[in-house]
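Undergrad: Next comes the sequence, and after it the predicted model I'd like to discuss.
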Amino acid sequence: MNEAFVALNWRTVPTLPARSPQAHKGSFGHVFAVGGGPGMGGALALACVAAYRVGAGLVTAVGHPSAIPYLAAYLPEATWRDWPASFADLPDQAVLAVGPGLGQGLAAHDLLREIGTLSCPQVWDADALNILARFGPELLAADALRLFTPHPGEAARLLGVPVAAIQADRVAAICRLQARYGGYWVLKGHHSLLLGGGRWLCPLGNPGMATGGSGDVLTGILAGLLAQDLEADKALSLGVCLHARAGDLAAAQMGEASLLARDILAAVPRVLQELAQNNDGN
Ligand SMILES: NC(=O)C1=CN([C@@H]2O[C@H](COP(=O)(O)OP(=O)(O)OC[C@H]3O[C@@H](n4cnc5c(N)ncnc54)[C@H](O)[C@@H]3O)[C@@H](O)[C@H]2O)[C@@H](O)CC1
Ligand SMILES: Nc1ncnc2c1ncn2[C@@H]1O[C@H](COP(=O)(O)OP(=O)(O)O)[C@@H](O)[C@H]1O
């Protein structure tokens, strides 16, 4: 169970392929971000911007009606759907990012019950994980590619143990999470652990990222990468490295105490450019 988790190197992590000159927005997938319950439209907005910033062709926000006017002003590039929503008409290239600011009310339970029956690729975070903890693995009714991104608090709920037990043995915790729920995992925090086909540790990132909304940005990044058909292990390692490196650039500029999640977002294009240059040189 405790096989080594290899430290990721952001200079060599595989990045996005160059875009074909004939590409159109349909070439880069369609992220549906599901969240934005009352009072938490911001989490959904951050995830949507992140998905677009890493290159998703289209992003649709699925949020509580109260979140939509805010989102439309903040991100006019996104389309939106109100809750209650049905996912019966999802396009073939749909990828779901479920949880940012979703809340844990009955409407959220209904959404998750339907999403558990869908077979498109999915990223589960935040309240989607809290609801999964309540209902158990049976909620994941259909086979699908799923990336789960708990922080230690969510991991503790998913395993029914205290947060201190997660932090005391993070490797054992992430292995137990995968054994119980399947799929691909990130256990977030200082030196995030990644577990998919491979096992990695992310040595990047800083405590300035311990600020509301940082994790919502990661959710959007991962969904945006999956939408571009990156293989799951690559999306996982690139997404976590990209997010943490962007957090480090943002902290260098703003200072750790002042860092906001939106500063991480603002640094994402610079990191993508760095990565493209590194990959050219390799
Ligand atoms: N602007 C917004 O709309 C925001 C909405 N948010 C939403 O708020 C809802 C609640 O999520 P929260 O994560 O705030 O609340 P939670 O209660 O799920 O998690 C917070 C607790 O988890 C534990 N924890 C988290 N990270 C830890 C670490 N690295 N080490 C040790 N313990 C750790 C701690 O016990 C902490 O008090 C989610 O739906 C989330 O998406 C948040 O993302 C913040 C921003
Ligand atoms: N001390 C730290 N060192 C490195 N990364 C951190 C640290 N604290 C937080 N992060 C990163 O910031 C993000 C926080 O996510 P999360 O706790 O879900 O925030 P939120 O729920 O507010 O969006 C994670 O990607 C986590 O790895």
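TA: Yes, it's here. Ligands and ions are numbered 1, 2, ... in the order given.
Undergrad: Could you list the residues of the stretch 51-200 of the chain in contact with ligand 1?
TA: Counting by C-beta under 6 Å from any ligand atom, the residues of the stretch 51-200 of the chain close to ligand 1 are 100-102, 126-127, 151-154, 163, 167, 189. C-beta: built from backbone N, CA, C; applies to glycine.
Undergrad: ranges for the strands of the protein?
TA: 6-7, 30-35, 58-63, 79-82, 94-98, 122-124, 146-148, 184-187, 193-195, 199-201 (DSSP state E).
Undergrad: Wait, Tyr181 touches Leu129, no?
TA: No. In this structure Tyr181 lies outside contact range of Leu129 using C-beta atoms under 8 Å: 9.5 Å.
Undergrad: rank the strands of the chain by mean pLDDT and give me the bottom one.
TA: Least confidently modelled of those is strand 79-82, at a mean of 92 by mean pLDDT.
Undergrad: Report whether stretch 133-152 contacts ligand 2.
TA: Yes. Stretch 133-152 is in contact with ligand 2 by C-beta under 6 Å from any ligand atom, via His151.
Undergrad: Which positions within that stretch qualify as buried?
TA: For stretch 133-152, the neighbour count (16 or more other C-beta atoms under 10 Å) marks 133, 139-140, 144-152 as buried.
Undergrad: Was I right to think Thr149 contacts Asp125?
TA: Yes. Counting by C-beta under 8 Å, Thr149 does reach Asp125; the two are 4.7 Å apart.
Undergrad: Now for those two: what residues contact both?
TA: Common neighbours of Thr149 and Asp125 (criterion: C-beta atoms under 8 Å, 6 or more residues apart in numbering): 215, 218-219.
Undergrad: Between Tyr181 and Leu129, which is the more surrounded one?
TA: Leu129 (24 against 20; other C-beta atoms under 10 Å).
Undergrad: Tell me the span between the first and last residue of stretch 156-171.
TA: End-to-end distance of stretch 156-171 (C-alpha to C-alpha, to the nearest Å): 13 Å.
Undergrad: when you give positions from now on, start the count at 14
TA: I'll keep to 14 as the first residue from here, and by that count the last item is stretch 169-184.
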